[in-house]
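J.: Requesting a structural model of the entry that follows:
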Amino acid sequence: MDVLTFLNYFELSNTFTRWQYDSSRHRIEECLRAITNRQRAREVRAHIFGNFSVYETPGDGDTVTNADQIIGDQYLAQQARALVCYKELAVKSGVEGEEVDCTLERFTSAIHGAIEG
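T.: Numbers count the residues shown, from 1 in each chain. Model prediction:
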């Protein structure tokens, strides 16, 4: 799971950037780097699941060919949900981050965008 955690960082990296919440800080170089890193992370993930037996005991309808979806996608969703929960907890506790425009609503929207994109 450590490799998947690392790869998921790049899947969700746009949600951690200042320019996600403040367009005046947008830098095309950073955006292009994030796109490239996300693509590389997807290639590494595809390689891992395509070349190694990385799966739990298959259940009904589970095959080695969809292990990427069973393990990889569910783990990404779990991490994304945990980040939203942490943001909710921070808001309820009155903890503010460095980027004041990173509201719960905007952060949640950014997470959804990263998952869907």
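
J.: right, and the helix or strand after the helix or strand of the chain with the lowest mean pLDDT?
T.: Using mean pLDDT, DSSP states H and E, helix 67 stands out as the lowest-scoring helix or strand of the chain, at a mean of 67. Once the chain leaves helix 67, the next helix or strand it forms, by DSSP states H and E, is helix 74-93.

J.: So which elements touch that following helix?
T.: Here helix 74-93 touches helix 2-11, helix 104-116, going by 3 or more C-beta pairs under 8 Å, 6 or more residues apart in numbering; DSSP states H and E. In this view, the C-beta of every residue, glycine as well, is placed from N, C-alpha and C.

J.: quick one: that helix to helix 2-11, angle?
T.: Interaxial angle of helix 74-93 relative to helix 2-11 (axes from the mean of the first three to the mean of the last three C-alpha atoms, to 10 degrees): 60 degrees.

J.: what's helix 74-93 in contact with?
T.: Contacts of helix 74-93 with the rest of the structure, by C-beta atoms under 8 Å, 6 or more residues apart in numbering, involve 1, 4-5, 8, 11-12, 15, 96-97, 104, 107-108, 111, 114-115.

J.: Sort the residues you listed by pLDDT and name the bottom one.
T.: Within those, M1 has the lowest pLDDT, namely 62.

J.: mind listing what V44 touches?
T.: V3, L7 are the contacts of V44 under C-beta under 8 Å, 6+ apart.
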